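Chemist: Just need the structure, nothing else, for what follows:
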Amino acid sequence: MSDSSAFMTIAKSAAPLYVTTLAASAGSLVDTALLGRHATLSLAAFAVTVAVFSPATATVAGALRGVMPFIAPHRNDPGNLLPLVRSGMWLSFAVGGVCAAAVAAVPLLGTVFGVRPGVLSQLGTFPWMLAGSVLLIAVGQSATSVLVALGQSAQVMRSGLVGTAASVTLSVLLVGGPGPLPSYGLTGAGLAMLASSLVSTSLNQYALRRHTVLAGGRIRPGRPELGQILRLAQVGLPLGGTVLVKFSVLGVLTFAAARISTDSAAVHSVSESLVNVIFTAAVTVGQATVPLIAAYSEAQDTVRIRRSVWAGIRVALCAVAVLGTVLLVLRDPIVGLFTKTPALENQVIRLLPLILAVVVTDALQAVAGFGLVGLKRTGPSLVSTALWFGILAALSVPIADTAGLPVLWTALACANVLQAVSKLVSFLRLSAQIGTPVSSTAPGGNAIAAPRPGPRH
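Modeler: All right, here's what the predicted structure looks like:
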């Protein structure tokens, strides 16, 4: 596969995934806005629960992305593919169950961390509904990872868009309470999120059973194959742990910013939201590189493995450059969506160069990390993130107290650079161990065909 071919393959696979993520983010904003109009206490209770729900679902997604490199080499081999899919489902039950338990424990966690009793009294069944959502998301993610590895990103996008549409519609009806309809507040939001998860998961599982090489097969968990589940977990769990470490440290940075002043906390929150919107593009690009790297790893083609990562880095940087340019050109209206306070708007705008620096460095480390996923070696990613983000967490409060928010964001960019370098070094070292580098032929002289997308329906 040429450099331009790898670039286009990755871009075409990543684009639908990014659209899906943006739609889900927009749906979450609708819930936030409607609850804010309903009652301040409801919005506070929502925020407390989502503070656990978001890292829980991110950890689930990270852990189950570890299934992708096992799937890609068997994309046209249903016999070998089916046992992997079943083991992936068992892994989703295990990881999803643990993360769902954490969400269900929000009332207890809130008590431990001193959340006001008035806020906790508003929770009701909401944490349990979101715990159910986590379980559904885990089952759905097990199908999503397989679909992406099989080149079916468009199917994932369709399922995600329908799920988001269901969430927004139900939120408007159950939380907004238009006309004579009553507003069910937090309960309504929970029902909307649970229904959205159910719809997306059902559609992804349907697509897996009807629009892939597994069509017509019996895709059920069956009896667990412990050895195979553990092999998947050895790749997936460090990846999920990496996500969890990152979320935790970013939470520490939020607390550090809040120590400076209320304005700094608000500016940090808005800036982090802007980073997330752009950085998600790099995550989807990273996912799109995994099937290519896994297939070439199976063929022991070191040259094409590395070429795929460089192509992924170029796609990610192009996406970040386009989105970053849009942010710079439309900075006033975009920042105005998050705050109407002129002083805060000016502070966010002054921070934009550092925001873009964080996005670019984060994109580099993310794609490098997904390169390691393709090699089924995610341990170095976890070590790198734990090391550099651990140092960042330890220094964040002293930096914030003595130097302020710009230096705190500079430290975040530096931590990303160190992650990117260490992950790329690990990737180059491990890819060199795969086998004799080949550029266009497999052992025995047969040409290596580029991984082809699965059937379209």
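
Chemist: got a list of what the residue nearest to residue 237 when sequence neighbours are not counted touches?
Modeler: Nearest residue to residue 237, sequence neighbours excluded (Cβ to Cβ, 6 or more residues apart in numbering): residue 63, at 5.7 Å. Backbone N, C-alpha and C define where each C-beta goes, glycine included. Contacts here follow Cβ atoms under 8 Å, 6 or more residues apart in numbering; on that basis residue 63 touches 91, 95, 233, 236, 237, 239, 240.

Chemist: mind running it again at 7 Å?
Modeler: Applying Cβ atoms under 7 Å, 6 or more residues apart in numbering to residue 63 gives the contacts 95, 236, 237, 239, 240.

Chemist: Would you agree residue 309 is in contact with residue 289?
Modeler: Yes: contact criterion Cβ atoms under 7 Å: residue 309 and residue 289 qualify, at 6.3 Å.

Chemist: so what sits against both of those two?
Modeler: Common contact partners of residue 309 and residue 289 (Cβ under 7 Å, 6+ apart): 367, 371.

Chemist: I'd like to know how many residues surround residue 426.
Modeler: Applying other Cβ atoms under 10 Å, we find 21 residues neighbouring residue 426.

Chemist: Am I right that it falls within a helix?
Modeler: Yes: under DSSP: H, G, I helix; E, B strand; the rest coil, residue 426 sits within a helix.

Chemist: nearest spatial neighbour of it, skipping sequence neighbours?
Modeler: Distances taken as Cβ to Cβ, 6+ apart put residue 380 closest to residue 426, at 3.8 Å, once the chain neighbours are dropped.

Chemist: got it, and residue 386?
Modeler: residue 245 (5.4 Å).

Chemist: measure the one you found to residue 357 for me?
Modeler: Residue 245 sits 21 Å away from residue 357, taking Cβ to Cβ, to the nearest Å as the criterion.

Chemist: ok so, going back, the contacts of residue 63 in helices, which ones?
Modeler: 95, 236, 237, 239, 240 (DSSP state H).

Chemist: Now name the helix or strand holding the most centrally placed residue in the chain.
Modeler: By Cα atoms, centre = their mean, the chain has its centre lying nearest to residue 58, at 5.5 Å. Residue 58 belongs to helix 40-65 when elements are defined using DSSP states H and E.

Chemist: Could you do residue 259 as well?
Modeler: Short version: residue 259 belongs to helix 226-260, going by DSSP H and E.

Chemist: Which neighbouring elements make contact with that helix?
Modeler: For helix 226-260, the elements it packs on are helix 40-65, helix 78-104, helix 262-298, helix 342-374, helix 379-403, helix 405-432, judged by 3 or more Cβ pairs under 7 Å, 6 or more residues apart in numbering; DSSP states H and E.

Chemist: again, only using 8 Å
Modeler: Contacts defined by 3 or more Cβ pairs under 8 Å, 6 or more residues apart in numbering; DSSP states H and E place helix 226-260 against helix 40-65, helix 68-71, helix 78-104, helix 262-298, helix 342-374, helix 379-403, helix 405-432.

Chemist: mean confidence score for stretch 247-264?
Modeler: Stretch 247-264 shows a mean pLDDT of 84 in the predicted model.

Chemist: hang on, the earlier thing: counting neighbours, which of the contacts of residue 63 comes out on top?
Modeler: Among the contacts of residue 63, residue 236 has the most neighbours (other Cβ under 10 Å), with 28 neighbours.

Chemist: on that earlier part again, check which residues of the helix holding residue 259 are buried.
Modeler: Within helix 226-260, the residues scored as buried using 16 or more other Cβ atoms under 10 Å are 228-229, 231-233, 235-247, 249-250, 253, 256-257, 260.
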